[in-house]
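Engineer: here is the input, now give the coordinates:
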Amino acid sequence: MSELLRRSRVPLLFAGLLLLTLVLILVDRRRGILETGAWPERALLELAAPIQQVVSWPGELLGESWQRYIALAEVQQENELLRQRVTALEEENLQYAEALVASGHLARIVQMRADFEIPLLPCEVVGQNIKPWSRTLTLNRGREDRVQTGMPVVVAHGLVGLISLTSQNTARTTLLLDRRSLVDAIVRRSRARGIVQGRGSGDLEFELLVRGDDVRAGDELITSGVGGVFPKGLRIGTVRQVNTGSAEVRHTAQIQPAVDFGRLEHVSVMLQLGPDVAKLYGPANGQRRAEAAP
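Structural biologist: Below you'll find the predicted structure:
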């Protein structure tokens with residue numbers, strides 16, 4: 001008998017608590033909401049509180065975890081939207097920056113037109129040849145836009161080169177850096193005159209016509225206008241070093257070009273031929289030279 005009671009005490013205790021709860025519920029229905037209650041009810045409340053807390057804890061934990069998951073999902077979604085917005089703003093800023101660069105080019109072209117009073121045709125650089133024996137650019141304008149062989153090509157900083165070949169919609173520019181390029185130039189300060197020739201690299205060479213003429217490091221070179229190929233006053237570059245040793249047969253100087261040829265995106269063609277250009281770069285003559293060039 002005692003063994004039976006020992007085994008049944010937990011179910012009997014649970015049944016007793018359940019029965020006592022039902023009795024208290026029935027009694028509670030007959031009292032007001034502010035009744036103090038009997039001691040069995042208070043005891044049951046004391047015993048039931050920890051049990052309710054333990055029973056309700058998994059549900060509360062699950063509810064909190066679910067709310068955190070929902071909040072985290074919303075934060076991730078918001079972060080993704082913010083990343084997309086940042087990407088769109090960066091792209092928009094890049095477009096604005098390119099528009100500012102383009103507007104800057106246009107402003108310089110307007111200023112150049114006012115300086116030289118020569119019609120200028122804006123062009124984009126669509127190709128570049130930087131072989132040691134040939135330094136050329138390909139432009140997106142050609143004969144259809146009135147571009148002719150022998151026309152100078154410039155940017156705001158100075159002289160770029162000369163149109164050496166044209167097609168219907170494109171043109172090739174031989175740069176000042178090309179070994180075949182020759183430009184009659186003068187020193188702005190002393191008016192010493194000479195010939196600027198390309199070296200196939202990033203520098204130019206200036207050979208003075210009169211040995212011993214006044215030329216110093218830092219002097220600026222401009223086109224002289226002699227020969228009728230280039231207008232007078234186009235910037236060519238700055239004297240970097242003067243070779244004046246007694247062993248030198250020629251009086252030369254190394255020139256830093258005014259134009260950064262590695263960053264050319266937009267150039268302008270001067271739509272005007274000099275009076276002597278036809279003899280040097282006439283249509284037939286210029287075409288034959290271009291076809292013979294590597």
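Engineer: for Gln254, name its beta-bridge partners.
Structural biologist: Glu205, Gln241 (DSSP bridges).
Engineer: isn't it right up against Gln241?
Structural biologist: Yes - applying C-beta atoms under 8 Å, one finds Gln254 in contact with Gln241, separated by 4.5 Å. Every C-beta, even on glycine, is put in place using the N, C-alpha and C of the backbone.
Engineer: strands along the stretch 101-250 of the chain, start to end?
Structural biologist: With strands called from DSSP state E, counting those that start in this stretch, the stretch 101-250 of the chain shows them at 120-131, 134-139, 152-155, 158-166, 171-175, 182-187, 193-198, 204-208, 220-223, 235-243.
Engineer: higher neighbour count, Gln254 and Gln241?
Structural biologist: A count of neighbours by other C-beta atoms under 10 Å puts Gln254 above the other of Gln254 and Gln241, at 16 against 12.
Engineer: burial count for Leu221?
Structural biologist: 30.
Engineer: that one against Ala192, yeah?
Structural biologist: No - contact between Leu221 and Ala192 fails when scored by C-beta under 8 Å: they sit 9.5 Å apart.
Engineer: so for these two, which residues contact both of them?
Structural biologist: Ile186 (C-beta atoms under 8 Å, 6 or more residues apart in numbering).
Engineer: so where is the stretch 51-200 of the chain shaky, pLDDT-wise?
Structural biologist: For the stretch 51-200 of the chain, the stretches flagged by pLDDT under 70 are 51-66, 69, 71, 84, 86-117.
Engineer: look at Leu19 and report its pLDDT.
Structural biologist: Listed pLDDT for Leu19 reads 68.
Engineer: sorry, back to before: of the strands of the stretch 101-250 of the chain, which is nearest Ile70?
Structural biologist: strand 120-131 (53.4 Å; C-beta to C-beta).
Engineer: same for the closest one, what does it pack against?
Structural biologist: Helices and strands touching strand 120-131, by 3 or more C-beta pairs under 8 Å, 6 or more residues apart in numbering; DSSP states H and E, are helix 39-116, strand 134-139, strand 266-270.
Engineer: just the buried residues of that strand, please?
Structural biologist: Neighbour-count burial for strand 120-131, counted by 16 or more other C-beta atoms under 10 Å, picks out 120-121, 123, 125.
Engineer: likewise stretch 261-274?
Structural biologist: For stretch 261-274, burial by neighbour count (16+ other C-beta under 10 Å) applies to 261, 264, 266-270, 272-274.
Engineer: per-residue confidence for the closest residue in space to Pro152 that isn't next to it in sequence?
Structural biologist: Sequence neighbours aside, Met270 is the residue nearest to Pro152 in space, at 4.5 Å (criterion: C-beta to C-beta, 6 or more residues apart in numbering). For Met270, the model assigns a pLDDT of 92.
Engineer: which strand residues bridge Met270?
Structural biologist: Leu120.
Engineer: report the separation between it and Gly237.
Structural biologist: As judged by C-beta to C-beta, to the nearest Å, Met270 and Gly237 stand 19 Å apart.
Engineer: what does Val126 give?
Structural biologist: Distance from Val126 to Gly237, by C-beta to C-beta: 25 Å.
Engineer: what of Asp214?
Structural biologist: 18 Å.
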